[in-house]
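1. using only what follows, build the 3D model:
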Amino acid sequence: MGHCFSLPSSSSEIHEENDHGDGNAVIRYGDEFGLDHDLPVHRLGSVCSIQGSKALNQDNAILYLGYGTGDAELCGVFDGHGKNGHMVSKMLRNRLPSLLLTLKKELNQESHVCEEEEEEETHKWEKACFTAFRLIDKELLLQVFDCSFSGSTSVVAITQGDDLMIANLGDSRAVLGTMTEDGEISAVQLTSDLTPDVPSEAERIRMCKGRVHAMKGEPSSQRVWLPNHDIPGLAMSRAFGDFRLKDHGVIAVPVVSHHRITSKDRFLVLATDGVWDMLSNEEVVSLIWSSGKKQAMAAKLVAEAAEATWKKKLKSKKIDDITVICLFLQNKEQPSCTTFKL
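-> Below is the predicted model of the structure:
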């Protein structure tokens, strides 16, 4: 079932009592500066989350329109893993947007005081991302739930005007749909999957006495193990939480990148590996492009296609959680957005 949400907010931090969405996928509008009284035009977007075959959906996502000063958007998908992974990903969804804003505002204030040339906005966002990820990981240590072998990936995108900043941690992914010179839609992967399959990531883990090897049943997928125990078999090399592995090379330092949006860039899609394990970048971009003017259905279209592919390709009942955000970069209108949870 689909639901449309366009609601003001009284705080930039998401709480249980003011979630605007359906379960794990949340759409948020406005911020603490009272923009709900003067709603600006914003980009169009949609979110969809489908629970897999596990007892809980460990994915969480947020699409935040009217973010910060009102001319920005934030997208974030968080893929939890381990016993308490759903709690980790939910905390990230609830806490990270407000923390990023606070840090960015502090950097703005510092630059006004400084006599030197004002620091570029993109550099401020980059510094805010590195600091926010570090602080959130420390906050997880103070939670009542155990994060020894539980954690979450994170890919967060912030658009401000024509600037696009992305902070990536783990194996969720950001892909851009852009037009070629021939007028065809093309997929441009904006992030790299940070897994033990990447030689530099595996080298860092081994230098910290962690072990990297695949399981017999999955020879193509490298995993991270403790030095002297065959646990936990983590399939990513960077993550929030997973504190038993933090001394063995698994880090919560994001890879931050910048992209300048052009007139050829049509949309941005963020998704957990429940999508990318089944669909290629090109397939996802083509699906979104085929939605035409039904942009509010784009995320749902991709999520349902990924779910159908899981069922078709795997004879077992194993289906990963699937979460998608689609943000259209050229189309703008008054607040109206759609979120789905299936």
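2. quick check, residue 78 in contact with residue 167.
-> No - between residue 78 and residue 167 there is no contact under C-beta atoms under 8 Å: 12.0 Å. Every residue, glycine included, has its C-beta placed from N, CA and C.
3. identify the contacts common to the two.
-> Listed as contacting both residue 78 and residue 167 by C-beta atoms under 8 Å, 6 or more residues apart in numbering are residue 154.
4. who's more crowded, these two?
-> Using other C-beta atoms under 10 Å, the more surrounded residue of residue 78 and residue 167 is residue 78, with 30 against 26.
5. mind telling me what element the more buried one is part of?
-> Assigned by DSSP states H and E, residue 78 falls within strand 72-81.
6. name every strand pairing with that strand and say which way it goes.
-> Looking at strand 72-81 with DSSP bridges, its partner strands are strand 59-67 (antiparallel), strand 151-152 (antiparallel), strand 154-160 (antiparallel).
7. how about JSON lines for the ones you listed, with mean neighbour count, mean pLDDT and distance to residue 128 added?
-> Converted to JSON lines, the strands paired with strand 72-81 look like this (neighbours: other C-beta atoms under 10 Å; pLDDT from 0 to 100; distance: least, C-beta to C-beta, whole Å):
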{"stretch": "strand 59-67", "mean neighbour count": "28", "mean pLDDT": "94", "distance to residue 128": "12"}
{"stretch": "strand 151-152", "mean neighbour count": "34", "mean pLDDT": "98", "distance to residue 128": "19"}
{"stretch": "strand 154-160", "mean neighbour count": "25", "mean pLDDT": "96", "distance to residue 128": "9"}
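8. tell me which of the ones you listed lies nearest to residue 303.
-> In terms of C-beta to C-beta, the element of the strands paired with strand 72-81 nearest to residue 303 is strand 59-67, at 10.3 Å.
9. is it true that residue 191 lies in a helix?
-> No - under DSSP: H, G, I helix; E, B strand; the rest coil, residue 191 sits outside any helix and is assigned coil.
10. quick revisit: and the strand holding residue 78, how far out from the chain middle?
-> 3 Å (C-alpha atoms, centre = their mean, to the nearest Å).
11. could you dump it to CSV, C-alpha only?
-> Taking Å, rounded to 0.1, in the frame of the first residue of the first chain, the C-alpha atoms of strand 72-81 are listed here in CSV:
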residue,chain,number,x,y,z
ALA,A,72,18.7,21.4,0.3
GLU,A,73,17.6,17.7,0.4
LEU,A,74,19.1,14.8,2.3
CYS,A,75,18.7,11.1,1.3
GLY,A,76,19.9,8.3,3.5
VAL,A,77,19.6,4.5,3.5
PHE,A,78,20.9,2.4,6.4
ASP,A,79,21.2,-1.4,6.2
GLY,A,80,21.4,-3.0,9.6
HIS,A,81,23.0,-6.4,10.3
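12. quick check: mean pLDDT across that strand?
-> Here strand 72-81 scores 96 as its mean pLDDT.
13. next SSE after that strand?
-> Next along from strand 72-81, by DSSP H and E: helix 85-113.
14. packing partners for the helix or strand that comes right after that following helix?
-> Tracing the chain C-terminally past helix 85-113 and defining elements by DSSP H and E, one meets helix 121-140 next. Helices and strands touching helix 121-140, by 3 or more C-beta pairs under 8 Å, 6 or more residues apart in numbering; DSSP states H and E, are helix 85-113, strand 154-160, strand 163-169, strand 240-241, strand 255-260.
15. wait, residue 263 touches residue 178, no?
-> No - Residue 263 is beyond contact range of residue 178, at 9.8 Å (criterion: C-beta under 8 Å).
16. these two - which one has more neighbours?
-> Ranked by neighbour count (other C-beta under 10 Å), residue 263 and residue 178 place residue 178 first, with 20 against 10.
17. out of the helices and strands in this protein, which is least certain?
-> When each helix and strand of the chain is scored by mean pLDDT, DSSP states H and E, strand 2-5 comes last, with a mean of 30.
18. contact partners for residue 221?
-> Contacts of residue 221 by C-beta under 8 Å, 6+ apart are 195, 197, 214-215, 235.
19. hmm, I typed the wrong one, I wanted residue 154.
-> 76-78, 92, 96, 133, 167-170, 172, 240, 254.
20. check residue 86 too.
-> Contacts of residue 86 by C-beta under 8 Å, 6+ apart are 56-58, 60, 80.
21. which of those count as buried?
-> Among the contacts of residue 86, the ones that count as buried by 16 or more other C-beta atoms under 10 Å are 57-58, 60, 80.
22. list the pairing partners of the longest strand anywhere in the chain within its sheet, with orientation.
-> Taking DSSP state E as the criterion, the chain has its longest strand at strand 322-333. Strand 322-333 has the following strand partners under DSSP bridges: strand 42-50 (antiparallel), strand 265-271 (antiparallel).
23. model confidence over that strand, on average?
-> 88.
24. orientation of it relative to strand 163-169 in degrees?
-> 170 degrees (axes from the mean of the first three to the mean of the last three C-alpha atoms, to 10 degrees).
25. separation between residue 87 and residue 137?
-> 14 Å (C-beta to C-beta, to the nearest Å).
26. PyMOL command to pick out the buried ones of the contacts of residue 221?
-> In PyMOL, this line selects whichever of these come out buried by 16+ other C-beta under 10 Å:
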select buried, resi 195+197+235
